[in-house]
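>>> Quick one, what's the 3D model for this:
(chains A and B)
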Amino acid sequence: MSPVEFAAAFDEFVDARLEWLSDNGAWFFDGLNDVLHAGYQAIYNGLTWLPFWAVILAFGLLGWRLTASWRFALGTMLGLVLCVAMGLWPQTMSTLALVLSATSMALIIGIPLGVAAGLMPSLDRVSEPVLDLIQTLPPYIYLLPAIALLGYGPGTALVATFIVAVPPVVRLTSLGIRMTPKVFIELGQATGTTGWQQFFKIRLPFALPSIMAGVNQGLMMAFGMVVIAGIVGSGGLGEVIYGAIRTLDIAMSINAAIAIVILTLILDRMAQSATRLGRRAVHESR
Amino acid sequence: MNPADIKFSPGAWLAPSVDWLNANLHGLFALISRFIESVLGGIEGVLLVIPPYGMIALVAVAAFFLVNLRAAILAVVMLGFCLLSGFWVASMQTIALVTVAVLISVAVAFPIGVAASRIKRLDAVLSPILNVMQTVPPWVYLIPAVMVFSLGKVPAILATIIYGIPPMLRLTTLAFNQVPRDLLELGRALGAAPRAILLKIELPAAMPTLLVGLNQCILLSLAMVVLAGLVGAGGLGAEVTRGLTRMEMGLGLRAGLAIVAVALLLDRLSRGALQGRRIRAAT
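Residues are numbered from 1 along each chain as shown, chains lettered A, B, ... in the order given. From the prediction side, this is the model:
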């Protein structure tokens, strides 16, 4: 078969399958899209319903609580004020809402999966190569299946972001569960704890720092993807940059890039501090 | 207070300076462009002048001797798919882009990484910068490159180089920090010249970690090169972008699978080189 024939046959096959899927699975994909969109919209509405200064103040306070550094808190607030001053507040909040909703989806699905993989080596042997593959491929291509089934909009962005954010969460959760020292598990068995107690009182606290590291990494992966998803109409800063680059609007693309960098650095630092706090809590409880 | 009351746009301030750069340093940028384009053109030419079947055979033989039979079979299947899917030229363009970007990234990152492992002060300065560089989403790297070099392959390569430097630099520093002290002291005690210590003791001892860095650098570069399809870098990324923006799913998925093939090929071969070395070192 020559490449040209193969390409034509392949495209026809894909188009036919997709048509079949969108005819027969429309209820499913539309429903999924609606659910994703509703989740994102709820966070976005919450963030934009509050006046911008309230959100900035809340971020400052949260940053101060987490890092115990007033300089970071002040920097956070100044950075966000800059986002407002650049006229990118709604887009910044939209990007934040996308990241938060995609990351929470990744956590809701990734942590149980990671726990299961940590407890069952056979599941781990299956999931490990799959996660490996997901992390090897360029993130950009995850937009393809998503856009084919969900169409243009935030739903596609969320699915693609979810795919990218899940692997570190699953990996580090299962790692944390597996790293629980054997002595403590045996201690638990010797003192006659039930399975649930053993899980919640022994394994989970030990796994917590690793899980938090997974959350942090997932968050950062989600950031990278959400910005790329601007091309499929995710809204937010990614779309601003995509538009600005295509029209070579230098001022706008610089502003949007600054807003993204500010938001990324703030969330990264906060997540790292939360990880550290979690680790300290575990050490103190020991 | 109204959000509209405060207005400040760093972009509007910076845009004139970008214009100034473009107007006054045009010669320099044109020179850089010319240089990158000629190197890229050379590699692309070499990859494309060999007929596809010859290329597949060549890679398979190389993979067989450098890694093992499985790697050779993988190479045949993956490159075969690139050919069958009708994206041979685009695949070779993508591989050429990755090759050039990785070569330059390594050339920049390796000396700095070695220096950072020797001079702790430099490491302390670099570490926070690298942290920020690895946190920032890849998209952001394309913006300054596009501003200066407009659309095309040159901004794509530059963004890819900058994106690929941090992992390589980090792992180079780590690799050289991990060289056992007793080996170094042995070298000094034998009166070996610093160059001999570097080449004969440190480099071999650091090699496994360096190859991990290379693998990371290759995969991140591939991710960036594909993404750079958005700014007209050509190759497989451009085909995916075409599929995405025109909603031609067959085209997009075909190009996506070709990217999967290229990614697996590059990943397994660079990893295989690492493992092959370990096995040989063990025997």
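>>> To which secondary structure element is residue 196 assigned?
Unless you meant another one, I'm taking chain A. helix A:195-197 (DSSP states H and E).
>>> Chain B, not that one
Using DSSP H and E, B:Ala196 falls in helix B:194-196.
>>> I figured B:Pro138 hits A:Val226, correct?
No. Counting by C-beta atoms under 8 Å, B:Pro138 stays clear of A:Val226, with 11.9 Å between them. Glycine gets a C-beta too; all of them are placed from N, C-alpha and C.
>>> Which one's more surrounded, these two?
A:Val226 (34 against 22; other C-beta atoms under 10 Å in any protein chain shown).
>>> Where does that one fall, secondary structure wise?
Per DSSP H and E: helix A:204-228 holds A:Val226.
>>> host element of the closest residue in space to A:Ile266 that isn't next to it in sequence?
Setting aside the residues directly before and after it, A:Ile266 is nearest to A:Thr76 in space (C-beta to C-beta, 6 or more residues apart in numbering or on different chains), at 5.1 Å. Taking DSSP H and E as the definition, A:Thr76 sits inside helix A:70-85.
>>> Contact partners for residue 251?
I went with chain A, as the question did not name one. B:Ser9, B:Gly11, B:Ala12, B:Leu14, B:Ala15 (C-beta atoms under 8 Å, 6 or more residues apart in numbering or on different chains).
>>> my bad, chain B
Here B:Leu251 is in contact with A:Asp11, B:Glu239, B:Arg242, B:Gly243 (C-beta under 8 Å, 6+ apart).
>>> Quick check on the residues you listed: which are buried?
A:Asp11, B:Glu239, B:Gly243 (16 or more other C-beta atoms under 10 Å in any protein chain shown).
>>> circling back to that earlier point, mind putting the contacts of A:Ala251 in JSON lines, neighbour count, pLDDT and secondary structure included?
What follows is the contacts of A:Ala251, written out as JSON lines (neighbours: other C-beta atoms under 10 Å in any protein chain shown; pLDDT from 0 to 100; DSSP: H, G, I helix; E, B strand; the rest coil):
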{"residue": "B:Ser9", "neighbour count": "18", "pLDDT": "75", "secondary structure": "coil"}
{"residue": "B:Gly11", "neighbour count": "19", "pLDDT": "73", "secondary structure": "helix"}
{"residue": "B:Ala12", "neighbour count": "15", "pLDDT": "75", "secondary structure": "helix"}
{"residue": "B:Leu14", "neighbour count": "17", "pLDDT": "78", "secondary structure": "helix"}
{"residue": "B:Ala15", "neighbour count": "19", "pLDDT": "77", "secondary structure": "helix"}
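>>> Of these, which are in range of chain A?
Residues of the contacts of A:Ala251 in contact with chain A (C-beta under 8 Å from any C-beta of the partner chain): B:Ser9, B:Gly11, B:Ala12, B:Leu14, B:Ala15.
>>> tell me which of these is nearest to chain A?
For those, the minimum distance to chain A (C-beta to the nearest C-beta) is 3.5 Å, reached by B:Gly11.
>>> Pull up the gap between the closest one and B:Val106, please.
B:Gly11 sits 33 Å away from B:Val106, going by C-beta to C-beta, to the nearest Å.
>>> Centre of the chain to the helix holding A:Val226, how far?
Mean C-alpha position of helix A:204-228 versus that of the full chain (C-alpha atoms, centre = their mean, to the nearest Å) differs by 7 Å.
>>> Pull the distance from the following helix or strand past it to the chain's centre.
Remark: after helix A:204-228, the chain's next helix or strand is helix A:236-246, criterion DSSP H and E. Remark: helix A:236-246 is offset 20 Å from the chain centroid, using C-alpha atoms, centre = their mean.
>>> For chain A, what's its nearest residue on the stretch 101-250 of chain B.
For the stretch 101-250 of chain B, C-beta to the nearest C-beta, closest residue to chain A: B:Gly250, 2.8 Å.
>>> Could you pull up the mean pLDDT of the top helix by length along chain B?
The longest helix of chain B (DSSP state H) is helix B:249-282. For helix B:249-282, mean pLDDT is 78.
>>> before we move on, the earlier item: and the pLDDT for the residue nearest to A:Ile266?
pLDDT, A:Thr76: 85.
>>> so B:Val154 is in which element?
helix B:153-177.
>>> Would you mind listing what in the stretch 1-150 of chain A touches chain B?
Residues of the stretch 1-150 of chain A lying near chain B (C-beta under 8 Å from any C-beta): A:1, A:3-4, A:6-7, A:10-15, A:18, A:52-53, A:81-82, A:84-87, A:89, A:136-141, A:143-145, A:147-148.
>>> Got a quick PyMOL command for the buried subset of the residues you listed?
In PyMOL syntax, the buried subset of the residues of the stretch 1-150 of chain A next to chain B is picked out as below (16+ other C-beta under 10 Å):
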select buried, chain A and resi 6+7+10+11+14+15+18+52+81+82+84+85+86+87+89+136+137+138+139+140+141+143+144+145+147+148
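>>> Please list the members of the residues of the stretch 1-150 of chain A next to chain B that lie in helices.
A:3-4, A:6-7, A:10-15, A:18, A:52-53, A:81-82, A:84-85, A:89, A:136, A:143-145, A:147-148.
>>> on that earlier part again, list the buried residues of the longest helix of chain B.
B:249-274, B:276-277.
>>> Tell me if I'm right that B:Ser150 and A:Ile250 touch.
No. In this structure, B:Ser150 is not within contact of A:Ile250 by C-beta under 8 Å, at 10.8 Å.
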